[in-house]
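Peer 1: quick one, what's the 3D model for this:
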Amino acid sequence: QVQLQESGPGLVKPSQTLSLTCTVSGGAITTDYVYWSWTRQSPGKGLELIGYIASGNTYYSPSLESRTSISRDTSKNQFTLQLTSVTPEDTAVYYCANRFAGAGFASWGQGTQVTVSG
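Peer 2: All right, here's what the predicted structure looks like:
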């Protein structure tokens, strides 16, 4: 069973870069047709897809594309999210998850709260 765990700072100052890492166990992030994804949920809002990396290729939500970068470290079986120029509107619980091509999300991390303030 695939398990995912987010890690990173819980507090980021406005205009700085938010960086989170998802560590994966029980499955390889190099597996074909698996989308390793970042999502977030802000207070009072629905779940928002930030983007994903699959077989080394990336997709970003158009609304966040200019500020988002997702990369992977295959030696550590990790993938990372960087979101630049954050504002308080980026305050959310951030989740990493995976899904198979043509299917819904399969496994989720527990989520990590990130607050933009300062």
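
Peer 1: how about stretch 28-36 as PDB, C-alpha atoms only?
Peer 2: Written as PDB, here are the backbone C-alpha positions of stretch 28-36 (Å, rounded to 0.1, in the frame of the first residue of the first chain):
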ATOM      1  CA  ALA A  28       7.900   4.100  -6.800                       C
ATOM      2  CA  ILE A  29       7.300   7.600  -8.100                       C
ATOM      3  CA  THR A  30       8.800   6.400 -11.400                       C
ATOM      4  CA  THR A  31       5.800   4.100 -12.000                       C
ATOM      5  CA  ASP A  32       4.200   4.900 -15.300                       C
ATOM      6  CA  TYR A  33       0.700   6.300 -15.500                       C
ATOM      7  CA  VAL A  34       0.700   7.500 -11.900                       C
ATOM      8  CA  TYR A  35       0.100  11.200 -11.300                       C
ATOM      9  CA  TRP A  36       1.900  12.400  -8.200                       C
END
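
Peer 1: may I see the buried residues of it?
Peer 2: For stretch 28-36, a neighbour-count test (16 or more other Cβ atoms under 10 Å) marks 29, 34-36 as buried. To be clear about C-beta, it is placed using only N, CA and C from the backbone, and glycine gets the same treatment.

Peer 1: cool, stretch 111-118 as well?
Peer 2: By 16+ other Cβ under 10 Å, the buried positions in stretch 111-118 come out as 111-112, 114, 116.

Peer 1: center of this structure, which residue is that?
Peer 2: For the chain, the residue nearest the mean C-alpha position is residue 38 (2.5 Å; Cα atoms, centre = their mean).

Peer 1: just give me the closest of the buried residues of stretch 28-36 to residue 56.
Peer 2: residue 29 (9.7 Å; Cβ to Cβ).
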